[in-house]
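S.K.: just a sequence and a predicted model for now, questions to come.
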Amino acid sequence: MRGVGNEKNRCEQATVTRRGRGQCGHTLLEVTIALSVMMLAVVVYSQAITSGIGSNRGLEQSSRALAAARAQVEALRIEDFADVYALYNSDAADDPGGAGTAPGSGFAVPGLDPIPGDADGVAGEILFPEGPVGLGVDGLREDLTTGGFGLPFDLNGDGLVNGDNVAADYRLLPVCVRLEWRGPSTNESLEVRAWLSAD
């Protein structure tokens, strides 16, 4: 009997030993999977943080752009109304103080980088309903239907809406302040529209 008992103990030991090795191998596999899942979670978390930072930067830039556009509209309102168009249009030749003396249509906004290839290299631009240069009547127009200015409309109060340049006698002035800048991930833009009046 003694030999039988020893045989039984050896079998139990062998079984225990094999089972122990099997559990160790399985635990190592579980640890490897758990570490892989944790690494994936860390990568996803870091991407979420990075995109959140970019999102905050985008919101900051949008707020800055809106504040700059509003400030620009207010700057237009405090100017002598009869000079607003000449001061802020894209034609330097009609500046009230002589060619090139007025602020012009472009303006920079600190913290906003202009989009690549921008013609004047600044993010801000002031637009009026102007006829295309060299194609008929240049200057301030009241008959244009493009550009979202709410035209055609009688801007000089003469009872007519025509294709004449009304820069010398306008009584209402539609304006668009447009900002285009390079955002955290794409080009961004914002427009603020207003109507200025002599009164």
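M.R.: Yep, it's here.

S.K.: mean confidence for stretch 158-166?
M.R.: Per-residue pLDDT values over stretch 158-166 give a mean of 91.

S.K.: contact partners of that stretch?
M.R.: 131, 136-143, 152-156, 169 (Cβ atoms under 8 Å, 6 or more residues apart in numbering). C-betas here are computed from N, CA, C, even on glycine.

S.K.: endpoints of it, how far apart?
M.R.: Terminal residues of stretch 158-166 are spaced 10 Å apart (Cα to Cα, to the nearest Å).

S.K.: gap between it and the chain center?
M.R.: Its chain's average C-alpha position is 36 Å from that of stretch 158-166, according to Cα atoms, centre = their mean, to the nearest Å.

S.K.: pLDDT check: weakest of the contacts of stretch 158-166?
M.R.: Among these, residue 136 has the lowest pLDDT, at 52.

S.K.: low-confidence regions, the protein specifically.
M.R.: Residues of the chain that meet the criterion pLDDT under 70 lie in 1-26, 50-55, 132-137.

S.K.: need the strands for it, in chain order.
M.R.: 106-107, 124-127, 130-131, 139-140, 172-182, 187-197 (DSSP state E).

S.K.: turn those into TSV, including distance to residue 60 and mean neighbour count.
M.R.: What follows is the strands of the chain, written out as TSV (distance: least, Cβ to Cβ, whole Å; neighbours: other Cβ atoms under 10 Å):
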stretch	distance to residue 60	mean neighbour count
strand 106-107	19	18
strand 124-127	17	22
strand 130-131	33	19
strand 139-140	35	22
strand 172-182	12	21
strand 187-197	12	15
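
S.K.: in TSV: those, plus distance to residue 72.
M.R.: Formatted as TSV, the strands of the chain follow (distance: least, Cβ to Cβ, whole Å):
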stretch	distance to residue 72
strand 106-107	6
strand 124-127	7
strand 130-131	18
strand 139-140	18
strand 172-182	5
strand 187-197	8
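
S.K.: closest to residue 44 out of those strands?
M.R.: strand 187-197 (26.4 Å; Cβ to Cβ).

S.K.: so that closest one versus strand 172-182, what angle?
M.R.: Relative orientation of strand 187-197 with respect to strand 172-182: 170 degrees, computed using axes from the mean of the first three to the mean of the last three Cα atoms, to 10 degrees.

S.K.: what sits up against strand 187-197?
M.R.: So strand 187-197 is contacted by 58, 61-62, 65-66, 69-70, 72-73, 76-77, 81, 84, 115, 148-150, 171-182 (Cβ under 8 Å, 6+ apart).

S.K.: for stretch 72-85, same thing?
M.R.: Under Cβ under 8 Å, 6+ apart, the answer for stretch 72-85 is 87-88, 96, 107, 124, 126, 128, 140, 167, 170, 173, 175, 177, 192, 194, 196-198.

S.K.: endpoints of stretch 148-166, how far apart?
M.R.: 18 Å.
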